[in-house]
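> coords please:
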Amino acid sequence: MEKVVWGVLSTARIGVEKVIPAMKKSAWCDLRAIASRSQPSARKAADALGIPVAYGSYEALLADPAIEAVYNPLPNHLHVDLTLAAARVGKHVLCEKPIALSADEARRLQAVPAGVKVMEAFMVRFHPQWLRARELVRQGRVGALRAVQPVAALNQVAFSSFLILFTPVIARHFARDDKDAIQDVYWQTARWIAIATLPVFLVTLVLARPVTVAFFGERYAGSASVLAVLSLGYYIQVAFGFNGTTLMVFGRLRYIVSLNAAGVVVNVLLNLFLVPRYGAVGAAAGTTGTLVAHNLLKQLGLWRGAGIGFAVAGTARFYTSIVVAVAASFYAVRVIPTEPAQFAVVAVAALAVLRVNRRALRIAQTFPELIRIPGARYLLGD
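Have a look, this model is predicted:
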């Protein structure tokens, strides 16, 4: 294989400090020229990097017939224009990230002449360390691939969304020393988070296998158990509300910091014990166990430090209805053979929990817009 003769457009830092030194070490690169907007700047860079030719304009470098390929590390807004200019004179282009600033700009690159190659300088597919990592995975030396954690983490979306609503309200009640209002807001928010997250939880727990296959393909089917275990941990973490945030509002920072530090240690120890024996499922179980214990201890701290306990009207009934819905969904999925029907049953279970707890949720007062949805009054109204 013969060396490719290269020219570099601009004296950008990434090129001068990173890419050009790597090109000079390659057995397949012949770095002939560098260009800048001024001849002195180009000459200074060429002398420092040992490049034979310096051009005082980009156009001059593109006109050099000896150059076969161009590296383009120009400012982002010039990527497409100079890449096209190089391609039109028959030169291949390696363009720095991002190759374009919009989809419309990227489509312009489809007009490059036949036979000219244009590529974004995204090295992961070609870097030796990633090629070696892929080789190890394919050889089975690093275990089966597990890619379900982001799907399990969908159980945290509603939790994150409610935080911006909860924090200022709880802080205002704390400033007024209104403990009854604090307890009411705390459990009301927890119920809504649990309800909003319940459909995701049921799908990622009860229907973990079809969800895993749908997202990642049949080769990841073995990850379904990991998804189910992680989803359980994430749901328990969010379903009891903002116990950590409330403890911080009450100034129990030492307790929270100590608990977080202990959680890290416990999680590491559990994983060291479980992973060698059970692999990825062990890691998921260790993480879920840590999340559950961490959450229970925060609830204990909330009860002792802020007086927020479970003895609130409707709380036991609310969480019992969720447990019943989960159990019923598991049973239904076992006896119903088709996946569409299984998803329908899970949806009905989530709606049933919402219907049973509509009064405890105080829907008309909390989110009156829901009642205005056509047909919603029959499900959510008294």
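
> list the contacts for Val356?
Residues in contact with Val356 (Cβ atoms under 8 Å, 6 or more residues apart in numbering) are Ser321. Every C-beta, even on glycine, is put in place using the N, C-alpha and C of the backbone.

> now Ser231
For Ser231, counting by Cβ under 8 Å, 6+ apart, the contacting residues are Ala152, Asn155, Val200, Phe201, Thr204, Leu205, Ala208.

> How much space separates Glu17 from Val124?
From Glu17 across to Val124, the span is 20 Å (Cβ to Cβ, to the nearest Å).

> same check, this time on Ile182
Using Cβ to Cβ, we find Ile182 at a distance of 49 Å from Val124.

> Compare the two and say which is more crowded by neighbours.
Regarding Ile182 and Val124, a neighbour count based on other Cβ atoms under 10 Å identifies Ile182 as having more, with 23 against 9.

> Nearest spatial neighbour of that one, chain-adjacent residues omitted?
Nearest non-adjacent residue to Ile182, counting by Cβ to Cβ, 6 or more residues apart in numbering: His173, 4.7 Å away.

> Looks like the one you found contacts Gln183 (just checking).
No. Contact criterion Cβ atoms under 8 Å: His173 and Gln183 do not qualify, at 9.3 Å.

> Could you list which of the contacts of Ser231 belong to helices?
Counting by DSSP state H, those place Ala152, Val200, Phe201, Thr204, Leu205, Ala208 in helices.

> what's near enough to touch the second one?
Neighbour list for Val200: Leu154, Asn155, Val157, Ala158, Ser231 [criterion: Cβ under 8 Å, 6+ apart].

> Buried ones among those residues?
Leu154, Asn155, Ala158, Ser231 (16 or more other Cβ atoms under 10 Å).

> Max pairwise distance over those residues: which two?
Greatest spatial distance in the buried ones among the contacts of Val200: Ala158 and Ser231, 13.6 Å, computed using Cβ to Cβ.

> show me where the stretch 251-382 of the chain has helices.
Taking DSSP state H, counting those that start in this stretch, the helices of the stretch 251-382 of the chain run over residues 253-306, 315-335, 339-356, 358-361, 363-366, 368-371, 376-380.

> With the stretch 1-150 of the chain instead?
Counting by DSSP H, counting those that start in this stretch, the helices of the stretch 1-150 of the chain are 13-14, 20-25, 39-49, 58-62, 79-88, 103-108, 128-138, 149-152.

> And the fifth one, what does it pack against?
In this structure, helix 79-88 packs against helix 58-62, strand 69-72, strand 92-95, helix 103-108, with contacts taken as 3 or more Cβ pairs under 8 Å, 6 or more residues apart in numbering; DSSP states H and E.

> same thing with the last one?
In terms of contacts (3+ Cβ pairs under 8 Å, 6+ apart), helix 149-152 is packed against helix 208-216, helix 224-239.

> of those helices, which approaches Ala33 most closely?
Closest to Ala33 of these, according to Cβ to Cβ: helix 208-216, at 46.4 Å.

> In that closest one, which residues are buried?
Residues Ala208, Arg209, Pro210, Val211, Thr212, Val213, Phe216 are the ones in helix 208-216 that count as buried (16+ other Cβ under 10 Å).

> if I pick the second one, what's in contact with it?
Read it as Arg209. Ala221, Ala224.

> now with 10 Å?
Tyr220, Ala221, Gly222, Ser223, Ala224, Ser225, Leu227, Ala228, Val333, Glu339 (Cβ atoms under 10 Å, 6 or more residues apart in numbering).

> Would you mind giving me the confidence score for the residue lying closest to the second one once chain neighbours are set aside?
Nearest in space to Ala221, with sequence neighbours left out and distances taken as Cβ to Cβ, 6+ apart, is Val213 at 5.4 Å. At Val213, the pLDDT value in this model is 92.

> My guess is Val213 contacts Ala147. True?
No. At 11.9 Å, Val213 and Ala147 do not qualify as touching, with contact defined as Cβ atoms under 10 Å.

> Poorly predicted segments of this protein, please.
Within the chain, the ranges that satisfy pLDDT under 70 run 1, 143-146, 311-313, 371, 375-382.

> Fine by me, we can end here.
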